[in-house]
Every structure is written in C-alpha cells, then in structure tokens.
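> dropping a prediction and its sequence here:
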Amino acid sequence: MRLLRPPLTAPDLAADTTGVATASTDGSLLRHNAIYFLGSLVVLGLAASYQFLSGRLLGPRDYASVAAVFSLFSVLLVPGLMVSMVASRSAAAFVATSSADELRLFFRRLSSILVWSSLGAGFLFLLLSPLIARFLLVPPQTVAALTPAVLFILLAAINRGVLQGEQRFLSLSAVQTLDAFSRAVLAVVVIELGFGANGAILAVGAGIVVSYAASFWPLRRVATGHRALRFDAQPVVRFAGPAAVAVAGTTLLASSDVLLVKHYLSAEQAGLYASVATLGRVVLMVTASISAVMFPRVTALEHLGRPSTRTLTLSAVAMVAVASVAVIGLALAPSLALMPFGPQFTTAGPYLPIYGVGMAALALASLLVTYLLARHDHRFVPVIVLVVLLEVVLISAFHASIWQVVWVMVAVGVTMLAAMALLYFTRNRNG
C-alpha cells in the first residue's frame, strides 16, 4: 500500500492544460469541492448550533460576552490558520513530488517546535486575560476560559493543514465535524450546569482537544514510519511571512467589527450585532471550502510549472453561486434565520442581507488572496494591511448605530474585492 495516496498525481495536474483532459481534473475539482462543501455545511450547522444555543440559554447580555470572546478566538486563530496554510502548502508540494519521507520529517519537526510555542502562548494569554477583559468589558474569567483553546490551536492546525495539503477532504471534514459537535454539546451541558458564559467558552477548547486527538488516526502513516534525514526549510520560511499577512488580514476583516462594536455600543446593541455578524458570516463559512480545495491544487500546479487560471475561474464561479444563494436566503427569510437565537433577536432581521453582501464581497476577495499566495504573488500584503486599518478607522468613526457599522462592513468588503481584482488582472499573466 502506498504511504500517500493524493487524489491528483503530477500527470493529472499536467492534464489541466489540455482541452480534453480537463474533464478528469475538473471532475476531481468538483468532487473535492462537493465533499468538502457538504462537510463544511455540517460543520457550519453545528457551529451555528453552538451560537444559537448559547444565545438562547444565556440571553442577549451574556451572549454578547460569549460573542466578543469568540471573536477574540477568531483573531487568536490567526497563528493557527497560518500554520495550517504552511502545512497545507508543504504537504501539497511533497505529495506532488512523492516525497513521503520528507513530509514525515516536516510534520514531526513542526509539531515538536509548536508544542513549546503553544505552552508559552497559553501562559502569556493567561497573564494578559485581565487586560483583554477590561477592553471587551467582560469578566476576566470568561477570557481566561479560552486558555485551553489557545494551548491547542497551533497543534491542531498542523494536522488539519497536512490533511488539506494531501487533499484528503473527507478526513478533514470528519475532524472539523467532531470539533464543532463536541463544542456544541459541551456548551449546552456546562451552561445548564450553571457555568454560564465561562462554560460556553471552555467548550471551545474542549472541541479542539477532542478533534486534535482524533486527527492522528487519518495521519497515522505520516506520524509514524521512516523519515528523511533532512528537507529544505527555506521555502517554508519564505512562505510563512506572506501567509501570516493573508490569514491575519482576512481574519481581522471578518472579526474585528464584533470586538469594536462590543467596545463602543451598549451590551444589548452589541448582542444584536453579534447575531447579525454570526449569521452574516455564514456567507464566508459556506464558501471557505472552495478556497480550501483550490489552494493545494494551485500550489501543486505552480510547483509543477503548470497554469492554474482555469482552477481559479471554476472556483470563483462556484463561490459566486454559493454566496448568492446564502445572501438571498438571508434576504427572504431573516426571521427564520434568527429564530434559533430566540424572540429577543428578531429586530436584527433588516441588517442581515446587507451585511451578507459585505461578507460575499470579502469571500471573493479572500479567494483571490489565496490564489495570489499560492502563485507566490505577494503584492496583496500592503493592500490587506491598509484595508484592515481602513475598517478599524471607519468603525471607530461611525458607530452611532448598528446600521452605520453594517454599511462600513459592506464598504470594506467591496473595497477589498476591488483591490484584489485589480492585483489579479494586472499580474504577470503566465498561467
């Protein structure tokens, strides 16, 4: 039995340049997208259940604390997402060249390094939690409850990144589903036991720990067996910087609004906005699988010196279709979307489709960022930094009402999309 069984071999990828053979690779792309999209829908449903149940059991005031700390968690995920992207890119390259032993060595070295990094990060986060709590206007213990999640973010990210790079999307979906399921179930249990918002946040870390342990089963042949004596780490190091900016930028664009709203608006208004942001970000979540499938494929094509424009085009078409359905759903049935939160959140309905349009624009912009990153085109770096700063400045200036913040998010999403489209169409078009 072969150690690595990538869905695409080098000849398969090379066939992407021919008129007839693209049917097989297009079919592979469609199959991987279908698998991961369906898996992502399950994960999304479970993740939404966590938010809905927390909101219903806690009410708007306490749920505002959960939403704020969970948005903080989204920001803290940035290092993990960066690690995942680095692991995915490296695994895709090793698979494309059938370098199984080098992948084993890469996996083990990165895991051992990040064990110590995670311990340091967890200790630092625990020390800083009172200061963070003061800014977010939440109890310090609610922020401190996120410490277990911080301890395992990076380690879980390695395993998920390798699964993505190997294009094993069924296993990746299973791991992510276990995470979301554990989080939702444990949140209900600990809230009912009287732990309130603190328990809801503790459930986030518990889900990561459970799924991290389970992820070693599909990775058992990578985690064990022979390994190479060395591998070239320079490409990994060169990639890490731009990947960090891409992940940090897109995450901050989608998460910092909830943190700022929690700081500027009343607890009730912040809770309503949190429900809008939670549902509006569904547009990002249901389309994220498309970028995740595209990235290792474009990475492998680039590694083999093959064109990848067709892959981007098909991915963009799929993303527009999925995002449009999501936004239309928010527009046609806002009350239905908000129903799981409870009757106290029904006044948030008018904001949903507008916010969804902003998230759709941001999703398409993120797809282009992912593509440029896979193509080693790093011109997006200063652009993302500027757009993130723009979002912070605009929300800081315009936060008199929820409507003002919603329109700021639409403006930011459209600006980001226009900037990334300009970079794409002005690139050196060699593929």
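Looks like it came in fine.

> does the nearest residue to residue 370 once chain neighbours are set aside count as helix, strand or coil?
Take residue 370 and drop its neighbours on the chain: the residue closest to it by C-beta to C-beta, 6 or more residues apart in numbering is residue 291, 4.6 Å away. (C-beta placed from N, C-alpha, C; glycine too.) Put simply, residue 291 is helix when judged by DSSP: H, G, I helix; E, B strand; the rest coil.

> is residue 291 in contact with residue 364, as I believe?
No - contact criterion C-beta atoms under 8 Å: residue 291 and residue 364 do not qualify, at 9.9 Å.

> what touches both of those two?
Residues touching both residue 291 and residue 364 (C-beta atoms under 8 Å, 6 or more residues apart in numbering) are residue 319.

> low-confidence stretches in this structure?
Confidence mapping of the chain against pLDDT under 70 gives the ranges 1-27, 97-98, 225-235, 237, 428-431.

> which residues does the residue nearest to residue 370 contact?
Per C-beta under 8 Å, 6+ apart, neighbours of residue 291: 315, 319, 366-367, 370.

> can we see that at 7 Å?
Counting by C-beta atoms under 7 Å, 6 or more residues apart in numbering, residue 291 touches 366-367, 370.

> can you put the residues you listed in TSV and add secondary structure?
Formatted as TSV, the contacts of residue 291 follow (three-state DSSP):
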residue	secondary structure
366	helix
367	helix
370	helix
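
> nearest to residue 45 among those residues?
Taking C-beta to C-beta as the measure, residue 45 lies nearest residue 366 of the contacts of residue 291, at 21.5 Å.

> and residue 53, how close does it get to residue 334?
According to C-beta to C-beta, to the nearest Å, residue 53 stands 20 Å off from residue 334.

> kindly report the same for residue 56.
For residue 56, the distance to residue 334 - C-beta to C-beta - is 17 Å.

> and for residue 250?
From residue 250 to residue 334 the distance is 26 Å (C-beta to C-beta).

> if you count surrounding residues, which of the two has more?
residue 250 (25 against 20; other C-beta atoms under 10 Å).

> would you agree the more buried one is in contact with residue 364?
No - under the criterion of C-beta atoms under 7 Å, residue 250 makes no contact with residue 364, lying 11.5 Å away.

> residue 155: what's it in contact with?
111, 114-115, 118, 212.

> hmm, which of those are the buried ones?
111, 114, 118, 212 (16 or more other C-beta atoms under 10 Å).

> can you name the two of those that are farthest apart?
By the measure C-beta to C-beta, those have their two most distant members at 114 and 212, which lie 11.8 Å apart.

> helix, strand, or coil at residue 84?
helix.

> residues contacting it?
Shown in contact with residue 84 (C-beta under 7 Å, 6+ apart): 157, 160-161.

> redo that, cut-off 10 Å
By C-beta atoms under 10 Å, 6 or more residues apart in numbering, residue 84 lies in contact with 77, 153-154, 156-165, 243, 247, 292.

> and those residues, which are buried?
77, 153-154, 156-165, 243, 247, 292.

> of those residues, just say which sits nearest to residue 410.
residue 247 (22.7 Å).

> host element of that closest one?
For residue 247, the element it lies in under DSSP states H and E is helix 234-264.

> packing partners of that helix?
The contact analysis (3 or more C-beta pairs under 10 Å, 6 or more residues apart in numbering; DSSP states H and E) places helix 234-264 against helix 22-96, helix 100-136, helix 267-280, helix 282-303, helix 352-374, helix 380-397, helix 402-425.

> buried set for the last one?
For helix 402-425, a neighbour-count test (16+ other C-beta under 10 Å) marks 402, 405-417, 419-420, 423-424 as buried.

> how far out from the middle of the chain is that helix?
In terms of C-alpha atoms, centre = their mean, to the nearest Å, the gap separating the centre of helix 402-425 from the centre of its chain is 19 Å.

> what does the second one give?
Averaging C-alpha positions (C-alpha atoms, centre = their mean) puts helix 100-136 18 Å from its chain's average.
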